[in-house]
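[1] turn this into a model:
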Amino acid sequence: PRFVQHALRFLRAGGLTAASPAAPLPWDLVVVGGGLAGLSAALTVLDRGGRVLLLEKMGHLGGNSAWASSGVNAVDVNNTANGDSVDAFTADTVKGAGRGDNPLIPVLTGGSVDALAWLRGRLSEHLNLNLVGQLGGHSFARTHRPSSGLAGSAMVFAIQKQLDKFLQDGSGRFELKKWTRASKLLKEGDAVVGVEYKVVTAKDQDTPVSTGSVRARNVLIATGGYASDYTNSSLLKEHRPDLLRYATTNNKGTTGDGHKLMLTVGAKPLDLDDVQVHPTGFHNPADPDNKVKTLCAEILRGEGGILLDSRGHRFANELGTRDYVTGRMIQVDSATLKFALIMNEATAKKAETHIGLYTKKGLIRKYETLEELSKWDFWGMFVSLDSLKEALGKYDEEGGRGEDAFGKKFFHNLPYLTDGPYYAGIVTPVIHYCMGGIAIDPAGHVLDHSDSPIPGLHAAGEVIGGLHGKNRLGGNALSECVVFGRTIANRLEIGVPSSRQQQHPAMPVTPPPAPAPAGGAGAGAKEGMREISKQEMAKHTTEDSCWVAINDKVYDFTSFLDEHPAGAEAILRFGGQDGTEIFEAIHTPEMLADFTPIAELAA
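    So this is what the prediction gives:
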């Protein structure tokens, strides 16, 4: 989630479009979907001198990418002490997929080297991937994340800031249309040559306020999966009706739109029944029936968190693949599907950004001692202080030997039997990711039913099928977005002279100069700003007027509610209040740079 588009609102015609003025020319690329895959492709084509139009059906960019928090997988060739290699990454991914070799995996694993260099170089102005961890199914620590903010939102924000420069540089090479749903792919003969679209509103996303069409040399579909569509016409219901009992971690825009567009023009579907259930979505006792759950990031288990059933027993290798851990949960307690995630202080410190966020959301609670933890109401009558001591003591012993009964061989941040404190939350399996999708070749061309490329049509991100097989390893989703988005963008023919192209995709390029900041935290508050009382601010708590205080500055987020990636409710919860703690748990300070405070909060 990011607070970034406010400053561009004045540029959008009718509140819908941000563009720099210029005479219309053929687009080199129309991107449908503003998640990490689409954004990576857009910036890469722009850096090469091309022209890009981006269509996003929601009021914000980022999609599910902005919610990903564990990190991005990549082999760091500069970290020779790590011992990792492309071959090892490939072997882990093939094993996790469970379907043998496939031609897409080497593109992912080999391309991760360039992807990491690009993230660290081209996006260094706003992104610092300075931490690395080891997730389930990986034989080395290769999951990179920032120390402040969450990985997905930080990456999306960093690309947005670079795209903002192209929006304001006057070249007309980049245009962004939000609240714009692609409704049809245009074809001439066998080739896709453009897109028809409908402009909608936040209040009514089904009834268009206008329609249009655009022609392009290439169309990239990067619309994500279909794991948040519970309607009767959903791909989820058609291919995996057994999963409709589960909640999802996906945002409401993840409804398979791109799949349906491509299927209509003859694209080949692949393994649409392969939908991943993630073992750890948070069960919120304060909102138990919400169909959308907050993902409990895998990095918590990667840094040493352990899983216990309601009787206080471990039941799985916490670093096993997602399908394995979910399977063990179903075997152990298919009735409630609720389990405890426990972390000691050392584990919590390693994942302090996540712990801070989840604690402030009420999803994780801190217990000062093991005795206090033993009285947690989740256990009911089945767990005592002695039984917890026995369970944690056994875990420490197995860690000392380097293997347990479940085959676990990596035991991070021992010992667990300590004086405290401990952190605990309730987790449950949730629909998380669609491994199935549309067939592509290693270059990202969409394939038809005869496995021939459909000219002009490309796909990247979760919308594609075949890469992850039966099970996606944690951290590979963000990698997939960057690698395949850039693979496609780097091979497209760009309709500009070669002298305008910059052919160094992994290195920092010279972007347009940064526009002047719009004000706010990044630019400083206005001198002589009025003060308002807490009593006055407390009146502004609704969709019609929502004010939030951050670091003693009051911001009016009313017009931003429908654009917030986590939904309006995430802001409205703090309407009329101080939101500093929750903001800092999720965001970096610069994410406020495009908002101007309206007042100072009186002491």
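[2] from Leu300, how far off is Phe282?
    Separation of Phe282 from Leu300 (C-beta to C-beta, to the nearest Å): 11 Å. C-beta here means a position set from N, CA and C on the backbone, and glycine is covered the same way.
[3] of those two, who's got more company?
    Leu300 (29 against 23; other C-beta atoms under 10 Å).
[4] check contacts around the more buried one.
    Taking C-beta atoms under 8 Å, 6 or more residues apart in numbering, we find Leu300 in contact with Thr280, Leu341, Met343, Thr347, Ala351, His354, Ile355.
[5] buried ones among those residues?
    Thr280, Leu341, Met343, Thr347, Ala351, His354, Ile355 (16 or more other C-beta atoms under 10 Å).
[6] in the chain, what helix or strand scores lowest on average pLDDT?
    Taking mean pLDDT, DSSP states H and E as the measure, strand 12-13 is the helix or strand of the chain with the lowest mean score, a mean of 34.
[7] my guess is Glu368 meets Thr418, correct?
    No - in this structure, Glu368 is not within contact of Thr418 by C-beta atoms under 8 Å, at 11.5 Å.
[8] more neighbours, those two?
    A direct count of neighbours by other C-beta under 10 Å for Glu368 and Thr418 places Thr418 higher, at 15 against 11.
[9] now the strands: where do they sit in the stretch 201-350 of the chain?
    In the stretch 201-350 of the chain, the strands defined using DSSP state E, counting those that start in this stretch lie at 210-215, 219-221, 269-270, 275-282, 306-308, 339-344.
[10] Glu56 is nearest to which of these?
    Relative to Glu56, the nearest member of those by C-beta to C-beta is strand 219-221, separated by 12.7 Å.
[11] what pairs with the closest one, parallel or antiparallel?
    strand 29-32 (parallel), strand 453-459 (parallel) (DSSP bridges).
[12] now render the ones you listed as CSV, adding distance to Ala570, mean pLDDT and mean neighbour count.
    Converted to CSV, the strands paired with strand 219-221 look like this (distance: least, C-beta to C-beta, whole Å; pLDDT from 0 to 100; neighbours: other C-beta atoms under 10 Å):
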stretch, distance to Ala570, mean pLDDT, mean neighbour count
strand 29-32, 26, 98, 29
strand 453-459, 30, 98, 23
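[13] neighbours around His239, how many?
    Neighbourhood size, His239 [other C-beta under 10 Å]: 18.
[14] in contact with it, which residues?
    Neighbouring residues of His239 by C-beta under 8 Å, 6+ apart: Leu272, Asp273, Val275, Gly436.
[15] what's the answer for Gly224, then?
    Taking C-beta under 8 Å, 6+ apart as the test, what Gly224 contacts is Gly33, Gly35, Gly63, Asn64, Asn250, Gly253, Thr254, Gly258, Gly461, Glu462, Val463.
[16] and for His449?
    So His449 contacts Gly266, Lys268 (C-beta under 8 Å, 6+ apart).
[17] what residues of stretch 222-229 count as buried?
    Here stretch 222-229 shows Ala222, Thr223, Gly224, Gly225, Tyr226, Ala227, Ser228, Asp229 as buried, counting by 16+ other C-beta under 10 Å.
[18] what mean pLDDT does stretch 483-495 get?
    Mean pLDDT, computed over stretch 483-495, is 96.
[19] got the buried residues for that stretch?
    Val483, Phe484, Gly485, Arg486, Thr487, Ile488, Ala489, Asn490, Leu492, Ile494.
[20] now the residues you listed in CSV, with secondary structure?
    Below are these laid out as CSV (DSSP: H, G, I helix; E, B strand; the rest coil):
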residue, secondary structure
Val483, helix
Phe484, helix
Gly485, helix
Arg486, helix
Thr487, helix
Ile488, helix
Ala489, helix
Asn490, helix
Leu492, coil
Ile494, coil
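[21] report the secondary structure state of the residue of the chain most remote from its centre.
    Distance from the C-alpha centroid of the chain, by C-alpha atoms, centre = their mean, peaks at Asp386 (40.4 Å). Secondary structure for Asp386, judged by three-state DSSP, is helix.
[22] likewise Arg181?
    Under three-state DSSP, Arg181 comes out as strand.
[23] list the contacts of the nearest residue to it once chain neighbours are set aside.
    Of all residues not flanking Arg181 in the chain, Lys57 sits nearest, at 4.2 Å (C-beta to C-beta, 6 or more residues apart in numbering). With contacts defined as C-beta under 8 Å, 6+ apart, the neighbours of Lys57 are Trp179, Thr180, Arg181, Ala182, Val200, Gln205, Gly253, Asp257.
[24] can I get those in JSON lines including neighbour count and pLDDT?
    Shown next, in JSON lines, are the contacts of Lys57 (neighbours: other C-beta atoms under 10 Å; pLDDT from 0 to 100):
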{"residue": "Trp179", "neighbour count": "25", "pLDDT": "94"}
{"residue": "Thr180", "neighbour count": "25", "pLDDT": "96"}
{"residue": "Arg181", "neighbour count": "22", "pLDDT": "96"}
{"residue": "Ala182", "neighbour count": "23", "pLDDT": "97"}
{"residue": "Val200", "neighbour count": "21", "pLDDT": "93"}
{"residue": "Gln205", "neighbour count": "16", "pLDDT": "82"}
{"residue": "Gly253", "neighbour count": "23", "pLDDT": "88"}
{"residue": "Asp257", "neighbour count": "21", "pLDDT": "96"}
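[25] which among the residues you listed gets closest to Ala424?
    Gly253 (32.2 Å).
[26] can you count the residues close to the residue nearest to the closest one when sequence neighbours are not counted?
    Excluding the flanking residues, the one nearest Gly253 by C-beta to C-beta, 6+ apart is Met58, at 4.8 Å. Here the number of neighbours of Met58 (other C-beta under 10 Å) works out to 22.
[27] ok, now the one 5 residues further on?
    Residues lying near Gly63 (other C-beta under 10 Å) number 32.
[28] so it makes contact with Leu39?
    No - using C-beta under 8 Å, Gly63 makes no contact with Leu39, being 9.3 Å away.
[29] one step back: the strands paired with strand 219-221 into a markdown table, with extra columns for distance to Met329?
    Formatted as a markdown table, the strands paired with strand 219-221 follow (distance: least, C-beta to C-beta, whole Å):
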| stretch | distance to Met329 |
| --- | --- |
| strand 29-32 | 36 |
| strand 453-459 | 32 |
